[in-house]
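S.K.: Just a sequence and a predicted model for now, questions to come.
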Amino acid sequence: MRCAKCKGTAQVEVRRHHTAFCGPHFLEWFEAQVDRAVRRERMFTPQDRVLVAVSGGKDSLVLWDVLLRLGYRASGLHLNLGIGAYSQESQEKCEAFARDRGAELLVVDIPAEYGVGVEGLAQLTGRVACSACGLSKRYLFNRVALDRGFSVVATAHNLDDEAAVLLGNLIAGNVDALVRQAPVLESTHPGLVKKVKPLYRIAERETAAYAVLRGIDYVLDECPNSVGARSLLLKEALNLLERDAPGTKQNLYWNFLEKIRPLLRETSPGPALRSCAHCGQPTTGEVCAFCRMTERVTHSLRVRTAAPGDLAPEPVGALGALPGGPSGEEGRAPRPSRRNSWGSLVNPSSDRR
Ligand code: SF4
Ligand code: ZN
Ligand code: ZN
């Protein structure tokens, strides 16, 4: 097979486009695809400060690498989820990536801020780990972006991710989620930062090829909580279809965006948002889901760590010491932060400029 550009030996086949490229021309094509997505969907401009959510996996580090190469002002935000060796290695990969490129990396250490990692947050609130993790990510990406003056948060969801989520939402008939599924989610509240997905035109195997060709060092292990995840089953099903009918995932997602989502938006205007009474973040209720979760955890940890007779008759949800302060008060667990205190969430020692 020959490269479509130079007729040299092709290294990467892009079957859904009936084409193939040598290494250098694949990298050129890949970066052009991302840049086209950014411009076509008006995600951000070279003047915007972009906060890239980086897990340490291949997709997010590839996204950060491409945006830096294209000249965008992209900083990374890593959340340490407190999932044992997996989280430690993930943070190390992000730090090494940032160090090698002289890029800015912000880190929020969830166990340090909230007393437990996402698995503990889940256990103490009767959720599954991925639910507590997803809620924490959505909240913290937005909060750090707001506090640090970023105009947009970029996540590395690729075509495979989006097609699998779409299939899951269609099966469940989840209209609200379908309306919210798009490469760009504009801000609809002063406390909500714009969210974008610049890799939505790129297949997962293409980000893998890009990472290999660029020599990007990423965490190879999957999160231990992803074993048996339904999203993997949906991806497998789509891979089967794609194998015999290249372009299935792209057609599914792009047709949804162009033909179906506009109709759904007309019938579903989205929920009215207000500010959380505790942290000021956008929510549909009085207190946001993240504050409710962390306050339950704070209460549980306080009950567990207090000596008999030492438990103050404080109501669930009362706020105490701010993160960054003396969170390890004797007999007290770390507590969630108040509004306007979120600068202390970010570990400044991890900033790199
Ligand atoms: Fe979080 Fe791991 Fe679940 Fe992904 S698989 S949502 S990283 S807990
Ligand atoms: Zn070539
Ligand atoms: Zn809140």
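M.R.: Perfect, I can see it now. Numbering: from 1, shown residues only. Ligands and ions are numbered 1, 2, ... in the order given.

S.K.: Could you use CA atoms for every contact and neighbour count after this?
M.R.: Fine.

S.K.: Please look at residue 293 and residue 125 and confirm they touch.
M.R.: Yes - Residue 293 is within contact range of residue 125, at 6.6 Å (criterion: CA atoms under 8 Å).

S.K.: more crowded one of the two?
M.R.: Taking other CA atoms under 10 Å, residue 293 and residue 125 do not tie; residue 293 has more neighbours (21 against 16).

S.K.: Just the pLDDT for that one.
M.R.: Residue 293 carries a pLDDT value of 96.

S.K.: do residue 272 as well
M.R.: 87.

S.K.: mind listing what the closest residue to it other than its chain neighbours touches?
M.R.: Excluding its sequence neighbours, the residue lying closest to residue 272 (CA to CA, 6 or more residues apart in numbering) is residue 284, at 6.4 Å. With contact set as CA atoms under 8 Å, 6 or more residues apart in numbering, residue 284 has these partners: 271-274.

S.K.: Quick check: which element contains residue 264?
M.R.: Taking DSSP states H and E as the criterion, residue 264 maps to helix 261-267.

S.K.: and for whichever helix or strand comes after that helix, what are the contacting residues?
M.R.: On the C-terminal side of helix 261-267, the closest following helix or strand by DSSP H and E is strand 274-275. Under the contact criterion CA under 8 Å, 6+ apart, strand 274-275 has outside partners 189, 191, 281-286.

S.K.: about what we covered before: filter the contacts of residue 284 down to the buried ones.
M.R.: 273-274 (16 or more other CA atoms under 10 Å).

S.K.: Make sure residue 106 is indeed in a strand.
M.R.: Yes - read with DSSP: H, G, I helix; E, B strand; the rest coil, residue 106 is one of the residues of a strand.

S.K.: What pLDDT does the model give it?
M.R.: Listed pLDDT for residue 106 reads 98.

S.K.: Please report the distance of it from ligand 2.
M.R.: In this view, residue 106 and ligand 2 are 37 Å apart by CA to the ion, to the nearest Å.

S.K.: which SS class is the closest residue to that residue other than its chain neighbours?
M.R.: Counting by CA to CA, 6+ apart, the nearest residue to residue 106 once its immediate chain neighbours are dropped is residue 77, at 4.7 Å. At residue 77, secondary structure determined by three-state DSSP is strand.

S.K.: pLDDT value on residue 77, please?
M.R.: On the pLDDT scale, residue 77 gets 98.

S.K.: Same question for the one 5 residues further on.
M.R.: For residue 82, the model assigns a pLDDT of 97.

S.K.: Need phi/psi at it.
M.R.: Main-chain torsions, residue 82, degrees, to the nearest 10: phi 70, psi 30.

S.K.: all strands for the stretch 1-150 of the chain, in order.
M.R.: 12-14, 19-21, 49-53, 73-80, 105-109 (DSSP state E, counting those that start in this stretch).

S.K.: What about the residue in the stretch 251-353 of the chain that ligand 2 sits nearest to, how many residues nearby?
M.R.: Going by CA to the ion, ligand 2 is nearest to residue 251 of the stretch 251-353 of the chain, at 26.7 Å. Around residue 251 sit 13 other residues, with neighbours defined as other CA under 10 Å.

S.K.: Quick one: residues contacting it.
M.R.: With contacts defined as CA under 8 Å, 6+ apart, residue 251 has no neighbours.

S.K.: Next one: it from ligand 3, what distance?
M.R.: Remark: distance between residue 251 and ligand 3 (CA to the ion) = 38 Å.

S.K.: again with residue 40
M.R.: Residue 40 sits 34 Å away from ligand 3, going by CA to the ion.

S.K.: Check residue 66 too.
M.R.: To ligand 3, residue 66 is 33 Å away according to CA to the ion.

S.K.: That residue - nearest residue in space that isn't next to it in sequence?
M.R.: Using CA to CA, 6+ apart and skipping residues adjacent in sequence, the residue nearest residue 66 is residue 31, 6.2 Å away.

S.K.: Near the one you found, how many residues? Count them for me, please.
M.R.: Around residue 31 there are 20 residues (other CA under 10 Å).

S.K.: And for residue 92?
M.R.: Other residues within reach of residue 92, judged by other CA under 10 Å, total 14.

S.K.: Please report how far the residue nearest to it when sequence neighbours are not counted lies from ligand 2.
M.R.: Closest residue in space to residue 92, ignoring its immediate chain neighbours: residue 56 at 7.9 Å, by CA to CA, 6+ apart. From residue 56 over to ligand 2 the distance is 30 Å, taken as CA to the ion.

S.K.: Residue 56 against residue 221, yeah?
M.R.: No - Residue 56 lies out of contact with residue 221 (CA under 8 Å); the separation is 10.2 Å.

S.K.: And the strands in the stretch 201-350 of the chain?
M.R.: Per DSSP E, counting those that start in this stretch, the stretch 201-350 of the chain carries strands over the ranges 274-275, 282-283.

S.K.: what about residue 56 and residue 221, which has more around it?
M.R.: Shown here are residue 56 and residue 221; by other CA under 10 Å, residue 56 has more neighbours (26 against 10).

S.K.: Show me which residues of the stretch 51-200 of the chain sit near ligand 1.
M.R.: With CA under 6 Å from any ligand atom as the criterion, the stretch 51-200 of the chain meets ligand 1 at residues 129-130, 133-134.

S.K.: For those, which entry has the maximal number of neighbours?
M.R.: Neighbour max across these (other CA under 10 Å) = residue 133, 19 neighbours.

S.K.: So that one sits against residue 118, correct?
M.R.: Yes - counting by CA under 8 Å, residue 133 touches residue 118, with 5.4 Å between them.
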